[in-house]
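Asks: what would the 3D arrangement of this be:
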Amino acid sequence: MKSRKSFLLRLDPALYDALDRWAQQELRSVNGQIEFLLKQAVLARDRKALPAEDDQNPVRGDTVEEA
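Replies: From the prediction side, this is the model:
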């Protein structure tokens, strides 16, 4: 199992509510939604910034490129 880093994040209540609604639409927890969005932002900025994802546990919403 991968280790995970825990930290405290303070959010404006309105932002949290918006993230909660979005997460529910995508069948994720708020924590999972925030992690998904942060990964997408990091990948958009620099594809080499994150290690390769496990093929066994893809991030929801990722697309598989066909050869």
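Asks: so what does the helix or strand harbouring Leu15 touch, helix or strand wise?
Replies: Assigned by DSSP states H and E, Leu15 belongs to helix 13-25. For helix 13-25, the elements it packs on are helix 30-45, judged by 3 or more CB pairs under 8 Å, 6 or more residues apart in numbering; DSSP states H and E. Quick note: C-beta positions are derived from backbone N, CA and C, even for glycine.
Asks: in the helix it packs on, what's buried?
Replies: Val30, Gln33, Ile34, Phe36 (16 or more other CB atoms under 10 Å).
Asks: and stretch 15-30, by the same measure?
Replies: Leu19, Ala23, Arg28, Val30.
Asks: low-confidence ranges, the chain, go.
Replies: In the prediction, the chain carries residues with pLDDT under 70 at positions 1, 52-67.
Asks: quick check, central residue of this protein?
Replies: Geometric centre of the chain, nearest residue: Phe36, 1.0 Å, by CA atoms, centre = their mean.
Asks: is it correct that it is in contact with Leu27?
Replies: No. Counting by CB atoms under 8 Å, Phe36 does not reach Leu27; the two are 11.4 Å apart.
Asks: quick one: the buried residues of helix 30-45 as CSV, columns for distance to Leu8 too.
Replies: CSV is the format used below for the buried residues of helix 30-45 (distance: CB to CB, whole Å):
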residue, distance to Leu8
Val30, 14
Gln33, 17
Ile34, 13
Phe36, 19
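Asks: and the closest residue to Leu9 other than its chain neighbours, how close does it get to Leu19?
Replies: Spatial nearest neighbour of Leu9, excluding adjacent residues (CB to CB, 6 or more residues apart in numbering): Ile34 at 7.5 Å. Separation of Ile34 from Leu19 (CB to CB, to the nearest Å): 6 Å.
Asks: same thing with Leu38?
Replies: 12 Å.
Asks: same question, Phe36
Replies: 11 Å.
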